[in-house]
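Participant: Give the three-dimensional model of this entry:
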Amino acid sequence: MWVKLFCGLVAVVAIILGVAVEWLSVGCHRGIQSPHQFLATKTPYLHPAQLRHHASHDSCTPIQIWMVVRHGTRNPSAKVIRKIINLLPNVRDQIVKAHENGVGTLCPSDLDALKKWSPPPSLTESNEKILVEQGREELRGIGRRFKDRFQNLLGKKYDNSTYKFKFTKTERAAASCKYFVEQVVGEEDAPSVWYPEALAADPILRFYKGCPKWKKTVDKNPEAYNERKKFETSQIFESVRRNVQTRTGSADPVPLEAIEGMYMTCAFETAWTPATSSPWCALFDVDDLEKMQYRQDLEYYWIDGYGFELTYKQACPAVKDMVEHFKSKTESPNEGPSLIAYFTHSGTLLKLISRLGLFNDSTPLLHDNYHLHTTRQWRTNEIDKFATNIAAVLYKCPTDNFKVGLLFQELPVSIPECGDDLCPLDKFLSIYHSVLNDCDIPQMCQL
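Facilitator: Now for the predicted structure:
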């Protein structure tokens, strides 16, 4: 009898535990489901490139690197900071009160984390968009790995003629550059590095700032945001609204502004400390986060990517700068810089990526084809995370003369229409011939 009773109790406990485990996996999100792959342009630079071994290119020797780097993880804009400070504490209190009244579906650990949350004391409008420690470490790591990978090229003692560094007129770009430089030239020589004057509308590093036509017809044009706006009112996105309302316990639909505030706080706080996700991430499940990211991807696709021809065509000065450096190096291999490194912003990287023909989906991203793009290439969490970097490397090869290799996030990527990891320079120039010849910026950008 006791044996039967014991077995019965074990069975009951097993059922209870099974239900509890299932409830935890469905209802508890913080610490169980990593949000890193859904943080769009606020994704921290945590890339497997740090752990991989890179194959050498036989007898080809790198002789010059031209690279563009987005600044590292930063603080939010003043607008987002105001939302975090002024809006979210009230939202948090409403969520806690709803759960105390028996509504809302956050599990105890998620609710407890939210109760303990408060805006970081150091997060003030005066500190908007400044580089944070995570960003410093991202740039240190990239600089360290590039120097280690190209030791023969970047192991030389610093000289103003062998290295060329430049950044835009922003704290985050300047700081990103200097943390990268410390690793490449060494902390001893870093203070003696010369930098050209930083420009707010640099024609290579931030070309779109000097394109009035793009500003008016795309960036400041409400119609250019139509795909994102239509997605926000779609049945697909409506499920996000319902899910957030259910989890918060709100009696009324949660305004998009509040949902956006939760998502951005989830993103920034997770980016600052990637080992732990923000308590606000618990308001979304994986499906919700995927849709929140698609909403972001739609905007960047149409404003900074393939959506409008002018957007990416204006990136030609950057491509031209790369080609001109490579041509000069082939003509005088012992002269000119070994490394040209530019530190800039999301808008530059995405337009440059598009001008080079990378990560181009065969079907445009639209508000009503979400399900066609579950395996899309245009994912900003992968192609526009903090510290995103693209590097073109010029190689001298004994048999084929000069070749070009492309690294994206430190990993080799194929050059469109070339196919191989290393593309013969003459073929590379042929592929981008039209980019170089169709680069009349004053004509292209005039209103």
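Participant: any idea which element P89 lies in?
Facilitator: helix 88-100 (DSSP states H and E).
Participant: That helix - contacts with which helices or strands?
Facilitator: In terms of contacts (3 or more CB pairs under 8 Å, 6 or more residues apart in numbering; DSSP states H and E), helix 88-100 is packed against helix 108-116, helix 235-248, helix 256-272. Just so you know, the C-beta spots here come from the backbone N, C-alpha and C atoms, and that holds for glycine as well.
Participant: winner for burial among those?
Facilitator: Here the criterion is mean neighbour count by mean count of other CB atoms under 10 Å, and of these the winner is helix 256-272, at a mean of 22.
Participant: Could you look up the next helix or strand downstream of that one?
Facilitator: Where DSSP H and E defines the elements, the next helix or strand beyond helix 256-272 is helix 286-304.
Participant: Could you check how far that next one is from the centre of its chain?
Facilitator: Distance, stretch centre to chain centre, for helix 286-304: 12 Å (CA atoms, centre = their mean, to the nearest Å).
Participant: Residues contacting whichever helix or strand comes after that helix from elsewhere in the structure, which ones?
Facilitator: Heading C-terminal from helix 286-304, the first helix or strand you meet, by DSSP H and E, is helix 309-313. By CB atoms under 8 Å, 6 or more residues apart in numbering, the surrounding residues in contact with helix 309-313 are 208, 211, 213-214, 217-218, 303-306, 351, 354-355, 438, 444-445.
Participant: Can you spell out the domain ranges of the protein, please?
Facilitator: 42-74+132-211+314-447, 91-128+222-307 (automatic domain parsing).
Participant: how far does the longest one stretch from start to finish?
Facilitator: Put plainly, it is domain 42-74+132-211+314-447. 33 Å (CA to CA, to the nearest Å).
Participant: same question for that domain, mean pLDDT?
Facilitator: Over the span of domain 42-74+132-211+314-447, the pLDDT mean works out to 93.
Participant: ok so, going back, could you provide the helices and strands packed on helix 88-100 in TSV, with additional columns for mean pLDDT and distance to T344?
Facilitator: Below are these laid out as TSV (pLDDT from 0 to 100; distance: least, CB to CB, whole Å):
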stretch	mean pLDDT	distance to T344
helix 108-116	96	36
helix 235-248	97	32
helix 256-272	97	19
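Participant: can you tell which of the ones you listed is closest to L289?
Facilitator: With CB to CB as the criterion, L289 lies closest to helix 256-272 of the helices and strands packed on helix 88-100, at 7.9 Å.
Participant: Now do the helices in the stretch 101-250 of the chain.
Facilitator: Secondary structure of the stretch 101-250 of the chain (DSSP state H, counting those that start in this stretch): helices at 108-116, 133-149, 151-154, 171-185, 212-214, 226-232, 235-248.
Participant: how long is stretch 403-418 from one end to the other?
Facilitator: 11 Å.
Participant: Also stretch 81-97?
Facilitator: 24 Å.
Participant: Check stretch 344-364 too.
Facilitator: Length of stretch 344-364, first residue to last, CA to CA: 26 Å.
Participant: Please identify the buried residues of that stretch?
Facilitator: Neighbour-count burial for stretch 344-364 flags 344-356, 358-359, 361, 364 (criterion: 16 or more other CB atoms under 10 Å).
Participant: And for stretch 153-168?
Facilitator: Quick answer for stretch 153-168 (16+ other CB under 10 Å): L153, L154, Y158, T162, Y163, K164, F165, K166, F167, T168.
Participant: now for the residues you listed, which pair is the farthest apart?
Facilitator: Taking CB to CB as the measure, the buried residues of stretch 153-168 reach their widest spread between L153 and T168, a distance of 25.4 Å.
Participant: Against A198, how distant is the residue sitting nearest the centre point of the chain?
Facilitator: Averaging the C-alpha coordinates of the chain gives a centre point, and the residue nearest to it by CA atoms, centre = their mean is K385 (1.3 Å). Distance of K385 to A198, given as CB to CB, to the nearest Å: 24 Å.
Participant: Kindly report the same for Y208.
Facilitator: 17 Å.
Participant: Between those two, point out the one with more neighbours.
Facilitator: Legend: neighbour count by other CB atoms under 10 Å for Y208 and A198, higher for Y208 (20 against 16).
Participant: Return the set of buried residues in whichever strand or helix holds K427.
Facilitator: Per DSSP H and E, K427 falls inside helix 425-431. Neighbour counts over helix 425-431 (16+ other CB under 10 Å) mark L425, K427, F428, I431 as buried.
Participant: list the buried ones in the helix or strand following it?
Facilitator: Using DSSP H and E, the helix or strand that follows helix 425-431 in sequence is helix 433-437. Of all the residues in helix 433-437, those buried under the rule 16+ other CB under 10 Å are V435.
Participant: Does G155 touch R149 like I think?
Facilitator: No: with contact defined as CB atoms under 8 Å, G155 does not count as touching R149 (11.0 Å).
Participant: Could you export the buried residues of stretch 153-168 as JSON lines, including distance to K403?
Facilitator: Converted to JSON lines, the buried residues of stretch 153-168 look like this (distance: CB to CB, whole Å):
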{"residue": "L153", "distance to K403": "15"}
{"residue": "L154", "distance to K403": "19"}
{"residue": "Y158", "distance to K403": "27"}
{"residue": "T162", "distance to K403": "22"}
{"residue": "Y163", "distance to K403": "22"}
{"residue": "K164", "distance to K403": "22"}
{"residue": "F165", "distance to K403": "25"}
{"residue": "K166", "distance to K403": "26"}
{"residue": "F167", "distance to K403": "29"}
{"residue": "T168", "distance to K403": "31"}
